[in-house]
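1. Below are the sequence and a predicted model; questions follow.
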Amino acid sequence: MKSLITAVTLAALSATAACAPVIEGGPPLALPIGLQETAQIGSIVMSSDWLDAEDDFADTFNEEVHEELRRCMWGTSPVDLRVHINELDRASRLETLLNGEGEHYLSGTVEFVDPARNNRLLGRYPIRVSTSAQGRVGGLLGDRQMMVSEAFGRAVCEEAFGRNPRDPGPHNATRG
């Protein structure tokens, strides 16, 4: 019985170690120049202390950020991303409908790690974005999580790689 408890405890520790949250409190660290041209996005792990969000926020966030990073990380060396979300605030649909204005905010810390070298830290960036709720119609019908997640992914590309992964246009939920 004791060995079963030990095995279960070790399995739980192994599972949580693979999803370790972002190291909080560390200073920003730029990616090495060479890696900016050779990196390719691998997996994304998101953590947070607590968020007031829909159940599918992590899925939406990971999909949108991964899509943006695929557009600015076109190399062949896999690099994983750990993101710790500190704050999420989305404009109220009712307020946006009534006054035609609203903003969505998202802030967190992003770490690039090398999965081939025991998740060695390669770069760390604090990211804070805000994006328009897109007026009355966008505020009422728009996917608030998608908008702010796409803006976050684009900000990561701009900070870490110095390039915007998307041209402005209707295919860009945040129009910029």
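-> Done, it's in. Residues are numbered from 1 along each chain as shown.
2. so what's Tyr105 up against?
-> Contacts for Tyr105 were tallied using C-beta atoms under 8 Å, 6 or more residues apart in numbering; they are 87-90, 128-130, 148. Placement of C-beta: from N, CA and C, glycine included.
3. Restricted to helices, list those residues.
-> Val148 (DSSP state H).
4. Give me the pLDDT for Ser92.
-> If you check Ser92, the pLDDT there is 60.
5. With respect to Gly75, which of the contacts of Tyr105 is nearest?
-> Nearest to Gly75 out of the contacts of Tyr105 is Val129 (C-beta to C-beta; 24.4 Å).
6. where's Glu150 relative to Glu67, distance?
-> Distance of Glu150 to Glu67, given as C-beta to C-beta, to the nearest Å: 8 Å.
7. neighbour count winner among those two?
-> With neighbours defined as other C-beta atoms under 10 Å, Glu150 and Glu67 compare such that Glu150 has more, 25 against 15.
8. Spell out the secondary structure type for the more buried one.
-> helix (DSSP: H, G, I helix; E, B strand; the rest coil).
9. Good, we can wrap up now.
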